[in-house]
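Trainee: Provided below are the primary sequence and the corresponding predicted coordinates.
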There are 2 protein chains.
Amino acid sequence: MLKETYRTFFGTLNNNSRLEIIQLLRKNPYNVTQISKVLNMNQTSVSHNLARLKRCGFVTVKNNGKERIYTLNSKTIKPLMKLIDQHMDTYCKKYCC
Amino acid sequence: MLKETYRTFFGTLNNNSRLEIIQLLRKNPYNVTQISKVLNMNQTSVSHNLARLKRCGFVTVKNNGKERIYTLNSKTIKPLMKLIDQHMDTYCKKYCC
DNA sequence: AATTTATATGTTACTTATTACATATGTTAA
DNA sequence: TTAACATATGTAATAAGTAACATATAAATT
């Protein structure tokens, strides 16, 4: 696997706003306005971050009138986040944080 | 899970040097000098980056005389990297890179 | 077709992370 | 006990990423 691909992947995850969006989308799909309201982030920021998440396959998007509904990739990202939670649960209490 | 814990986790992975070290350690444990020679990185950089990897439970270390041998966490990080490779294989060709 | 609502994109000041230098510590052997 | 080897840590210039502004596009409603 290309080094740059990893960087894009982890660079995407290494951001508070995007992590908050991911955590929210773990529960349910939402549109941009909903996300920015729930997370109290401004709309342009949400759009920028969703664009990046989409570019990397973390989320997919579906049009619904003027809304755009974003869904977390349930095939790879959902199980991945679960596995990462497990790692952090076991190791990050002792070592990191 | 705490937001800061995620940041530490992904921040650790979002770095070329550390990713190269991880990729190397997926094959075998190595000491600091070996790592810096194989990857053509200066020793202080390798030590700094190993310190961070250790702090987050990505690697463990074992003393062997004056050497210190670093091993990748095979319980969580090895399978995690595999899962990430799979995601990138499926989605990042189309979307990211 | 003009207005409103929803979302996306371009750009830049600012914040954060990285790298590499100098140097310190720790271990072994002469 | 000092020289040599192995690794770790403090610090700062530089590089990279972020957030927020202004603005553009796109769909629906009047």
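Mentor: Received it, and whenever you're ready, just let me know what you need. If you're wondering where the values come from, they're calculated on a predicted model, not measured in any experiment.
Trainee: which strand or helix spans the residue positioned nearest the centre of chain A?
Mentor: Geometric centre of chain A, nearest residue: residue A:22, 3.0 Å, by C-alpha atoms, centre = their mean. Assigned by DSSP states H and E, residue A:22 belongs to helix A:16-27.
Trainee: what bridges to residue A:59?
Mentor: residue A:72 (DSSP bridges).
Trainee: neighbours of it, just the number please.
Mentor: By other C-beta atoms under 10 Å in any protein chain shown, the residues close to residue A:59 number 23. For glycine as for every other residue, the C-beta is placed from the backbone atoms N, C-alpha and C.
Trainee: identify the residues contacting it.
Mentor: Applying C-beta atoms under 8 Å, 6 or more residues apart in numbering or on different chains to residue A:59 gives the contacts A:25, A:50, A:53, A:70-73, A:77.
Trainee: just the buried members of those residues?
Mentor: Buried by 16 or more other C-beta atoms under 10 Å in any protein chain shown: A:25, A:50, A:53, A:70, A:72-73, A:77, out of those.
Trainee: near DNA strand C, list only the ones from those residues.
Mentor: Of the residues in the buried ones among the contacts of residue A:59, proximity to DNA strand C by C-beta under 7 Å from any atom of the strand holds for residue A:50.
Trainee: now do the helices in chain A.
Mentor: A:3-13, A:16-27, A:32-38, A:43-55, A:77-87 (DSSP state H).
Trainee: how about the residues of chain A near DNA strand D?
Mentor: Proximity of chain A to DNA strand D, by C-beta under 7 Å from any atom of the strand, involves residues A:7, A:11, A:14-17, A:41-42, A:44-45, A:48-49, A:63, A:65-66.
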